[in-house]
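Undergrad: can you look at this prediction? I've put the sequence above it.
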Amino acid sequence: PTAEGAPQNTGGYRDTFVNYLMENENAAFASGKAKTARHKSPEGGRDTVGFGHKLTAKEEKEGKIYGIPIKDIDVDKAKQILIKDIKRAATQAKTNLKSMHPNVDFDSLSDDKKEMLTDIQFNVKGGGIKAFPKFVQGLVTDDVGLMKKEYKRYYTTAKGAKREVKKRNTDFFNMYLKNL
């Protein structure tokens, strides 16, 4: 998802995409309403830091993410972590797309399509875009109806209840699918 002339502070990713992720991963922290970057994950497991960075056991033990002390993470440092996480998710989305659709080149897709795949890869634990084969099929074949039918995400709470990620689904639809 590299846009021509993209700002340096977003790692070459479009501002709209980075802002969308910040807003959907931790709006309270992005706006200054939350005082700490670290928070409990609604799906349980290890805490989340900043904008959707799920702590690993190693990070939790060391107290650092990419060398940044967790206690020192402010919005700017959380954004730096997010950019690194986006890059990792884009690389994994590219690999997964190649395994799902060997004749489709991730890098030749439009920025919107790369962002959609990267967002799903970043946000959906346990498979990323592989958990959305019908959506990916719609994306690579330009089947807008299929994409609109298959884009919604859900999560399972720590107690096992399935919940729709309503705000993210609405924002994703408005940003990428509404005008197709």
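TA: Ah, there it is.
Undergrad: let me see the mean pLDDT of stretch 65-77.
TA: Here stretch 65-77 scores 96 as its mean pLDDT.
Undergrad: that should have said stretch 168-180, apologies.
TA: For stretch 168-180, the per-residue pLDDT averages 97.
Undergrad: contacts for it next, please.
TA: 16, 20, 23-24, 112, 115-116, 119, 123, 144, 147-148, 151-153 (CB atoms under 8 Å, 6 or more residues apart in numbering). C-beta here means a position set from N, CA and C on the backbone, and glycine is covered the same way.
Undergrad: please redo it, this time with the cut-off set to 7 Å
TA: For stretch 168-180, the external contacting residues (CB atoms under 7 Å, 6 or more residues apart in numbering) are 20, 24, 112, 116, 119, 144, 147-148, 151-153.
Undergrad: which among these end up buried?
TA: 20, 24, 112, 116, 119, 147, 151-153 (16 or more other CB atoms under 10 Å).
Undergrad: in helices, which of those appear?
TA: 20, 24, 112, 116, 119, 147 (DSSP state H).
Undergrad: could you list the low-pLDDT ranges of this protein?
TA: Counting by pLDDT under 70, the chain contains low-confidence residues at 1-9.
Undergrad: do a quick rundown of the strands in it.
TA: All strands of the chain, identified by DSSP state E, fall at 38-39, 48-49, 53-54, 64-65, 68-69, 154-156, 162-164.
Undergrad: check the gap between the nearest residue to residue 70 once chain neighbours are set aside and residue 53 for me.
TA: In space, and not counting its chain neighbours, residue 70 is closest to residue 63: 5.3 Å by CB to CB, 6 or more residues apart in numbering. Plainly put, residue 63 is 14 Å away from residue 53 if you go by CB to CB, to the nearest Å.
Undergrad: residue 95 now?
TA: 20 Å.
Undergrad: list the buried residues in the lengthiest helix in the chain.
TA: Secondary structure of the chain per DSSP H: the longest helix is helix 75-100. Using 16+ other CB under 10 Å as the test for burial, helix 75-100 gives 75, 77-83, 85-86, 89-90, 92-94, 96-97.
Undergrad: brilliant, that's me finished.
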